[in-house]
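Asker: The following block contains a protein sequence and its predicted model.
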Amino acid sequence: METLFVKNMVCNRCILVVQQEIERLQLTAKTIKLGEIYFESPLTASQKTALNNALTPLGFELIDDKKSKVIEKIKNTIIDLVHYQDGEIKHNLSDILSRELGHDYNYLSNVFSEVEGTTIEKYHIAQKIERVKELLVYDELSLSEIAYRLNYSSVAYLSNQFKKVTGLTPSHFKQIKEDKRKPLDQV
């Protein structure tokens, strides 16, 4: 089995686009998930090149080096936790990342900070704030329900963090509703 890592593959639509390109190239992937493609057997160098050439114009990129793979796996794990596992986080982020990536959290934190120029915690907060924005725009949940869903200890803590990051209170953001959201790969 061979695993390829793909940069900027951050949502279910991304998975579909990558899957279409794989099928168009007549390759067969066993599993495709955020940032990763699993093949039953190794691809040839020319197949990898063709896949990378097909993905690059679409905003994706195959990742070769170890640090970039670790960074992308950290990002995709956080995106999955924040955007697709509402209220499911019952452990510390550091424990989850260590378990998922099979590395000590200090190593992960140092690599992430070195390459990205920010901390894992700040990246996690940025993702949570983007999710809060999304849920505010949908206007289906109260702020209290959003706080619970994203594992904030209180509405006040969510509001303070939201204002610190965006400069707006959640209620003010909800009022203006102009598109203040960023694509996940630009957070």
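Answerer: Arrived safely.

Asker: Distance of the most centrally placed residue in the chain relative to Tyr138?
Answerer: By C-alpha atoms, centre = their mean, the chain has its centre lying nearest to Ile79, at 2.8 Å. Distance, Ile79 to Tyr138, by C-beta to C-beta, to the nearest Å: 18 Å. Yep, even glycine has a C-beta here, placed from its N, CA and C like the rest.

Asker: Which neighbouring residues are in contact with the residue nearest to the centre of the chain, exactly?
Answerer: Counting by C-beta atoms under 8 Å, 6 or more residues apart in numbering, Ile79 touches 10-11, 34, 127, 184.

Asker: do Ile78 as well
Answerer: Counting by C-beta under 8 Å, 6+ apart, Ile78 has contacts 93, 97, 120, 123-124, 127.

Asker: Could you confirm it falls within a strand?
Answerer: No: assigned with DSSP: H, G, I helix; E, B strand; the rest coil, Ile78 falls outside any strand and is helix.

Asker: Not counting its own residues, what contacts the one helix or strand in the chain whose mean pLDDT sits lowest?
Answerer: Here the helix or strand of the chain ranked lowest by mean pLDDT, DSSP states H and E is helix 170-176, holding a mean of 85. Contact with helix 170-176 is made by 132-133, 136-137, 139, 143, 146, 158-159, 162, 166, 168, 180, as judged by C-beta under 8 Å, 6+ apart.

Asker: if we go to 6 Å?
Answerer: The contact list for helix 170-176 (C-beta atoms under 6 Å, 6 or more residues apart in numbering) reads 136, 143, 159, 162.

Asker: ok, now stretch 108-124?
Answerer: Outside stretch 108-124, the residues that reach it (C-beta under 6 Å, 6+ apart) are 67, 70-71, 74, 78, 93, 97.

Asker: got the buried residues for that stretch?
Answerer: Burial within stretch 108-124, assessed by neighbour count using 16 or more other C-beta atoms under 10 Å, is assigned to 108-109, 111-112, 120, 123-124.
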